[in-house]
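1. Coordinates only, no sequence provided:
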């Protein structure tokens with residue numbers, strides 16, 4: 001419940017903050033990623049959408065990969 005512990009405090013002080021991000025200590029979120037998120041947020045707001053982040057890491061061959069979701073090839077919708 002650690003990620004929920006501060007919710008009431010933030011709810012009472014919404015005007016004091018521009019952005020709140022929770023991340024684990026081994027996750028890097030670069031300033032460029034934040035700037036891109038803010039820029040996309042304004043564009044997507046018109047559609048009622050919110051941008052997100054995709055967590056990636058480098059594999060042994062130095063390729064970016066993600067393990068946050070999986071799918072079967074026959075179920076991919078294009």
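-> The structure has been received and is ready for your questions. If you're wondering where the values come from, they're calculated on a predicted model, not measured in any experiment.
2. can you give me the strands for the chain?
-> Assigned by DSSP state E, the chain shows strands spanning 57-58, 64-65.
3. who wins for proximity to residue 17 among those?
-> Set against residue 17 and scored by C-beta to C-beta, those come closest in strand 57-58, at 29.2 Å. All C-beta spots, glycine's among them, are computed from the backbone N, C-alpha and C.
4. Work out the sheet partners of the closest one and label each with its direction, please.
-> Using DSSP bridges, the strands paired with strand 57-58 are strand 64-65 (antiparallel).
5. hmm, back to that, let me have the strands of the chain in TSV, extended by mean pLDDT, distance to residue 23 and mean neighbour count.
-> Formatted as TSV, the strands of the chain follow (pLDDT from 0 to 100; distance: least, C-beta to C-beta, whole Å; neighbours: other C-beta atoms under 10 Å):
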stretch	mean pLDDT	distance to residue 23	mean neighbour count
strand 57-58	88	14	10
strand 64-65	88	18	10
